[in-house]
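Asker: Mind folding the following:
(one chain, ligands or ions: 2)
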Amino acid sequence: ATRYDPQTAEEKWRAAWDKAALFEAKSPAEAGDAPKAYVLEMFPYPSGRLHMGHVRNYAMGDVVARYKRAKGYNVLHPMGWDAFGMPAENAAMERNVHPGEWTYQNIAAMKAQFMKLGLSLDWSREFATCDPEYYGDQQALFLKFLEKGLVYRKASKVNWDPVDNTVLANEQVIDGRGWRSGALVEQRELTQWFFRITNYAEDLLEEVQKLERWPEKVRTMQANWIGRSEGLQMRFEFASDAPTGYADGLEIFTTRPDTLFGASFVALSPDHPLTIKLAEHSEELKAFRAKCAQIGTSEEAIEKADKLGFNTGLTVKHPFDESITLPVWVANFVLMGYGTGAIFACPAHDQRDMDFARKYDLPVKPVVLPPNTDGQTFNVDTEAYTGPGTIFNSGFLNGLSIEDAKRGAIEKIESMGLGEGTVNYRLRDWGVSRQRYWGCPIPVIHCDSCGIMPVPETDLPVRLPEDVSFDKPGNPLERHPSWKHVDCPTCGSAARRETDTLDTFVDSSWYYSRFASVRDLEERAYWMPVDQYVGGVEHAVLHLLYSRFFARAMRDVGLLDLPSGEPFAGLFTQGMVTHETYKSAAGKWLQPSEVQKDGDIWIETATGAIATPGPIEKMSKSKKNTVDPDAIIAQFGADVARWFVLSDSPPERDVEWTQAGVEGAARFAQRLWSVFDNLPEDATVQPGDDADSLDLRKVSHKAVAAIDKAIEEFRFNSAVATIHEWVSALKKAESAGDAILGARQEGASMLARCLTPFMPHLAETCWERLGKEGFVSAADWPIVDSSLTVDDSVTMAVQVNGKRRAEITVPKAMSKDDVEALALSQKEVTSFIEGKSVKKTIVVPGRIVNIVVA
Ligand code: ANZ
Ligand code: ZN
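Answerer: Ligands and ions are numbered 1, 2, ... in the order given. Okay, the predicted model is just below:
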């Protein structure tokens, strides 16, 4: 018996695959009648090193790609790099290395690691989003969108660090302070670029429901993000003197017109035009606005902040009861970017309104009565009631359900000419301006006389300058001595380049179409949509939404022939790789390899000090529980690493990395190899039709059918389990020796092919050992003889008076009478019917025998 040596085998096969360009996708013409399959995993950010999460993600995509290839598909399985972004600039600041140099070095290092995994990737289509050829075409796309009105500019808030004099990303604001300077962050208005994603809000929402091969959870997250709500936009007329320009009243937006009778006050955003106007004459309000401006721009920051209010002294009339007036406040929780930037507040049924009302001592009047409660006694304290119920305390709406009351209130307001029912979306246009260097330059020029001029197509790409410095905070493009100074393409006078770059989410919003083809629109149309997309659920909202927008926008400017506008027909979101965590007595994280168990307690191996085990968590550097794929590959081989991350857990769940598990996988690889190694090196013979041969053949054919189904259904762990059982059967068959050689050879040849998606290098070695021509990576999926997969026997439960007492296995064709007789003769059954009379026996063929006794 020989040992399988993964190190030599893996290197050998990778070189051979490479030489044969085995995984390059065929052109549509070469493919002939073969159907296409586009398999894509979310491309990686070149952080510098591969982690186990990558291994799992790409191993899953590779299973699908290799399987589809074996099934006769023309497969596209490309790889590239999502290469722009902040970490490169941080490295530049910290280590004085150019972001480009840092990025391309990381790409080289990670690519070398990727190569070792034996993934069936078409590297001929590789690119990095920071390649000028890529971002140049992105600039061309931007200009097409601009022409079509899908891009525009407007003033918008940014986080401003007053010490570093720079714009901060939301992640760079920590507890309201700049991450580097520690200064209190201010909100500043800047004119920025936006993609008009809201144009497609309705379509994005409608179509997401139809994506049947997407996880339900992700579809819901998309729908919630788009957030369609039906509401009412209406005016509250002023009871006090109307401010200039507000003679008709104040426009508000609500999704709960049913609660109008519970209105307690009206609130304006600190950035509402009326607030700004009032602040011109009030130092106090001016100061209040400044205070509000210190809260971050993110919805989350606003959600978390304390409620702040300012009473303007103005009052408005209640639309249904003129005798009621409501005070007008300015409230920090009202956003200017949503609805009209003004609301009416009903504290009894909205928590933000409630917090505000309790703080400023404003009235709380419940108008929705929960089911099975009494209107006399029901009350709310500090918790708003947001559940279902019946309307009360509400004049003409009394007794109606919430939905009916909404409709009733809208109709009434419409008939009074005070407003109209509307459809609103939570989705905002996508702000894409970033005041950063390492991103795609926005290809426009600002001219004092001509305005904003697109860079002529022939001048693309607008390349990033190489000679930049990161010694000061702020945007290096802005302070570069010459880069931004250009002549206006129209009038020739001195003008300025746009120094904003695009959000890196833009880069990843169309890369799939670039892989399909750089320029050839027909080839793009051939490959699109992606048939199977695989990636982390952390991208379930923004990346997928932006990609869906881009596919539509590209379609509408004539660059993508994809009628549905849906770039990903199938989506799978994989779980994470987790590992144990440990802490020292001093509370510092320890690597799992630094501790050992001593009786009931854990100790640090080096010092003997007590260590505490923590929860099993996602591998992360900060918790010191990562496992380096390189080390695992060096010790066990890539196949074993792949096998481990695919076994044990369903792909959508987390899988826990354990040393014992990976060692078990390595042992299994050897055991599997021995199935092939123990076959005599004889010529292939036909399987016999004796009972033993037939039994083994059935195991093999059923296993192929089961693995096939498991891969189709993304249950790789169950395919792994089937291979385990199959190998056991083949090992057992070794004792029968040459008598069933044909069946053993057939099983081995089928096994090698089914193993290929999981452990491709080992599979090639097995295939070679069988003396087969060519690569198993290029072989067809085994054909299942369906006469060998139908079970001719069936297991049935036997019940006595409805209680399960026994089980019988019978030929499927056995008559009811024979089944009944057999059931009655089981000794577990006889003991229950002894001394009683059998009233009736019911046989449900193939399932159950029920014996009724009295
Ligand atoms: C009165 C009311 C009563 C509301 C009640 C809610 C509950 P969704 O459903 O998420 O779309 N709102 C409107 N514009 C706002 C803004 N610019 N900033 C902050 N809040 C705003 O949210 C719509 C509800 O959020 C609206 O319905 C409004 O409060 C508030 F029992 O009006 B509601
Ligand atoms: Zn000009």
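Asker: alpha carbons only for contacts and neighbour counts from here, please
Answerer: Will do.
Asker: For ligand 2, give me its nearest residue in the stretch 101-250 of the chain.
Answerer: Leu143 (17.5 Å; CA to the ion).
Asker: can you count the residues close to the closest residue in space to that residue that isn't next to it in sequence?
Answerer: Distances taken as CA to CA, 6 or more residues apart in numbering put Pro454 closest to Leu143, at 6.8 Å, once the chain neighbours are dropped. If you count neighbours by other CA atoms under 10 Å, Pro454 ends up with 22.
Asker: which residues touch Pro454?
Answerer: Pro454 is in contact with Leu143, Pro443, Val444, Ile445, counting by CA atoms under 8 Å, 6 or more residues apart in numbering.
Asker: Which one of these is nearest to Ala91?
Answerer: Pro443 (26.1 Å; CA to CA).
Asker: Now do the SS call for Arg3.
Answerer: Following DSSP: H, G, I helix; E, B strand; the rest coil, we place Arg3 in the coil state.
Asker: That should have said Glu206, apologies.
Answerer: helix.
Asker: name the helices or strands packed onto the helix or strand the residue of the stretch 101-250 of the chain closest to ligand 2 falls within?
Answerer: Under the criterion of DSSP states H and E, Leu143 resides in helix 132-147. Judged by 3 or more CA pairs under 8 Å, 6 or more residues apart in numbering; DSSP states H and E, the packing partners of helix 132-147 are strand 151-161.
Asker: before we move on, the earlier item: the residue of the stretch 101-250 of the chain closest to ligand 2: how many residues sit nearby?
Answerer: Other residues lying near Leu143 total 21 when counted by other CA under 10 Å.
Asker: Also Arg667?
Answerer: For Arg667, using other CA under 10 Å, the count is 14.
Asker: Val844 versus the closest residue to ligand 1 within the stretch 451-600 of the chain, what's the distance?
Answerer: Nearest to ligand 1, among the residues of the stretch 451-600 of the chain, is Val541, at 17.0 Å (CA to the nearest ligand atom). Counting by CA to CA, to the nearest Å, the separation of Val541 from Val844 is 49 Å.
Asker: which residues does the spatially closest residue to Phe549 that is not a sequence neighbour contact?
Answerer: Excluding its sequence neighbours, the residue lying closest to Phe549 (CA to CA, 6+ apart) is Ile197, at 6.2 Å. Ile197 is in contact with Leu150, Arg428, Asp429, Trp430, Phe549, counting by CA under 8 Å, 6+ apart.
Asker: Restricted to buried residues, select the residues you listed in ChimeraX.
Answerer: Applying 16 or more other CA atoms under 10 Å to the contacts of Ile197, the buried members can be selected in ChimeraX as follows:
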select :150,428,429,549
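Asker: Is it possible to get JSON lines of the contacts of Ile197 that adds distance to Glu681?
Answerer: Formatted as JSON lines, the contacts of Ile197 follow (distance: CA to CA, whole Å):
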{"residue": "Leu150", "distance to Glu681": "67"}
{"residue": "Arg428", "distance to Glu681": "68"}
{"residue": "Asp429", "distance to Glu681": "67"}
{"residue": "Trp430", "distance to Glu681": "65"}
{"residue": "Phe549", "distance to Glu681": "58"}
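Asker: Out of the contacts of Ile197, give me the two with the largest separation.
Answerer: Pairwise over the contacts of Ile197, using CA to CA, the maximum falls at Leu150 and Arg428, 13.4 Å.
Asker: Please enumerate the strands of the stretch 601-750 of the chain.
Answerer: With strands called from DSSP state E, counting those that start in this stretch, the stretch 601-750 of the chain shows them at 601-604, 610-613, 617-618, 655-656.
Asker: In terms of secondary structure, what does the third one contact?
Answerer: The criterion is 3+ CA pairs under 8 Å, 6+ apart, and the helices and strands that strand 617-618 contacts are strand 577-579.
Asker: The closest residue to Pro366 other than its chain neighbours in helix, strand or coil?
Answerer: Nearest residue to Pro366 in three dimensions, chain neighbours excluded: Ala348, at 5.0 Å (CA to CA, 6+ apart). Classification of Ala348 using three-state DSSP returns helix.
Asker: Report the separation between Ala348 and Ser401.
Answerer: 17 Å.
Asker: Could you pull up the residues touching Glu764?
Answerer: Glu764 makes contacts with Trp13, Ala752, Thr756, Phe775, Val776, Ser777, as judged by CA under 8 Å, 6+ apart.
Asker: Return only those of those residues found close to ligand 2.
Answerer: Contacts with ligand 2 are made by none of the contacts of Glu764, judged by CA under 5 Å from the ion.
Asker: Pick out whichever of the residues you listed sits closest to Tyr511.
Answerer: Ser777 (26.9 Å).
Asker: ok, how many other residues are close to the residue nearest to the closest one when sequence neighbours are not counted?
Answerer: Excluding the flanking residues, the one nearest Ser777 by CA to CA, 6+ apart is Thr756, at 6.4 Å. Neighbourhood size, Thr756 [other CA under 10 Å]: 26.
Asker: Contacts only, for Thr756.
Answerer: Thr756 neighbours (CA under 8 Å, 6+ apart): Arg66, Leu762, Ala763, Glu764, Val776, Ser777.
Asker: mind running it again at 10 Å?
Answerer: By CA atoms under 10 Å, 6 or more residues apart in numbering, the contact set of Thr756 is 62-63, 66-67, 70, 639, 762-764, 766-767, 776-779, 781.
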